[in-house]
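Trainee: what's the 3D shape of this:
(one chain, ligands or ions: 2)
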Amino acid sequence: MHATPLPEDYRSGFIALIGRPNVGKSTLVNQLVGEKVAITSPVAQTTRNRLRAILTTDVAQMVLVDTPGIHKPHHLLGERLVKSARSAIGEVDLVVLLLEGCERPGRGDAFIVNLLQQQSLPVLVALNKWDKLAEEHRSEAEEAYAALLQETNWPVHRCSALSGDGCAELTAAMAAQLPLGPQLYPPEMVSDQPERVLLGELIREQVLLHTREEVPHSVAVTIDRVEELPAKGKGKGAGRTAVLATVLVERKSQKGILIGKGGAMLKTIGQGARLQMQVLIDGPVYLELFVKVVPDWRSKPARLAELGYTGDQ
Ligand code: GDP
Ligand code: MG
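Mentor: Ligands and ions are numbered 1, 2, ... in the order given. Just a heads-up that it's a prediction; the model follows:
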């Protein structure tokens, strides 16, 4: 197969998605690349690792850096998330600032606008969740955001990362802001994270989804083994991809919640994760989940590093 030569004005570069937790950064990444590479959840601070998703079009290759939301650090893990988001700003060609179109701008937004004004990077603003805003409130919201952005000359786009409305226009605007350059990744690649990391994230997503407040912030997942089992083998997993994974929690009580009555919760989490994994892997999956208590893992630098949260990746 011959690769078609790229046009002379082909563009490429790195784009950081910046915004408060829960504004829809991960949802936008998935919408833009058309595949689920980032986990999303109604609970804030879902994204821990910096993820690069790759969107290749006829005119440009955009490497999207999904960052943890910028917020005030509460403990070591929080500090690392913020450091990682700040360092992302320093390494990219363009910033897409996501703001929640359906809510009034707050002090957190002003903080981020301020931070970005101190850089010389081009910035595009995406007013996300526009779908949630009733027609009669739209002009009011526009005015509030115009006031927030009055000191800047950043172009503003309205979009819905969930439905995809406005996303094509946003993509075109992003591509146009990048420098001329070749493709940096193979065009079929959509994420730079190894499959193991994505698999672990799918489990974490289900934990966040089903346990909400009780457990979320103290959960990490390790993928202990991924193995393709022969079709003719014995046992439940025959012919499937077997995934063995451990969910780490900080307290015994959290382990209890995760396992649930008669193992019901762990079963729900496992089933949800398995279905998502089958889409990712494109084949049947057999998933075995364990839960382990590691007291205070979030505050232990060695443990964080082991799990990949180095804060400067
Ligand atoms: P992040 O913390 O910025 O990465 O936010 P997520 O992508 O995890 O999204 C947080 C929540 O907002 C999830 O429940 C999403 O489904 C929801 N969400 C994201 N974008 C939109 C949107 O455009 N419209 C609506 N209605 N919900 C959205
Ligand atoms: Mg996220």
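Trainee: ranges for the helices of this structure?
Mentor: Using DSSP state H, the helices of the chain run over 25-33, 76-89, 107-117, 135-148, 167-176, 195-211, 252-259, 264-281, 301-306.
Trainee: can I get these in CSV with distance to ligand 2, mean pLDDT and mean neighbour count?
Mentor: Placement of C-beta: from N, CA and C, glycine included. Written out in CSV, the entries for the helices of the chain read as follows (distance: least, C-beta to the ion, whole Å; pLDDT from 0 to 100; neighbours: other C-beta atoms under 10 Å):
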stretch, distance to ligand 2, mean pLDDT, mean neighbour count
helix 25-33, 3, 90, 24
helix 76-89, 10, 58, 19
helix 107-117, 15, 81, 16
helix 135-148, 21, 89, 13
helix 167-176, 17, 97, 17
helix 195-211, 10, 86, 21
helix 252-259, 22, 92, 16
helix 264-281, 16, 91, 17
helix 301-306, 19, 61, 13
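Trainee: make CSV out of the ones you listed and add distance to residue 53.
Mentor: Below are the helices of the chain laid out as CSV (distance: least, C-beta to C-beta, whole Å):
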stretch, distance to residue 53
helix 25-33, 5
helix 76-89, 13
helix 107-117, 21
helix 135-148, 26
helix 167-176, 13
helix 195-211, 11
helix 252-259, 29
helix 264-281, 14
helix 301-306, 23
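Trainee: who in the stretch 151-300 of the chain is up against ligand 1?
Mentor: Contact residues (C-beta under 6 Å from any ligand atom) of the stretch 151-300 of the chain with ligand 1: 160-162.
Trainee: and of the helices of the chain, who's closest to residue 8?
Mentor: Comparison of these against residue 8 by C-beta to C-beta identifies helix 167-176 as nearest, at 15.0 Å.
Trainee: by contact count, what packs against the closest one?
Mentor: Applying 3 or more C-beta pairs under 8 Å, 6 or more residues apart in numbering; DSSP states H and E, one finds that helix 167-176 makes contact with strand 11-18, helix 25-33, strand 60-66, strand 94-100, strand 123-128, strand 156-158.
Trainee: rerun at 10 Å
Mentor: strand 11-18, helix 25-33, strand 51-56, strand 60-66, strand 94-100, strand 123-128, strand 156-158 (3 or more C-beta pairs under 10 Å, 6 or more residues apart in numbering; DSSP states H and E).
Trainee: any idea which of these scores lowest on pLDDT?
Mentor: Taking each of those in turn, the one with the lowest mean pLDDT is strand 51-56, at a mean of 86.
Trainee: do it and ligand 2 meet?
Mentor: No. Contact of strand 51-56 with ligand 2 (C-beta under 5 Å from the ion) is absent, the minimum separation being 8.5 Å.
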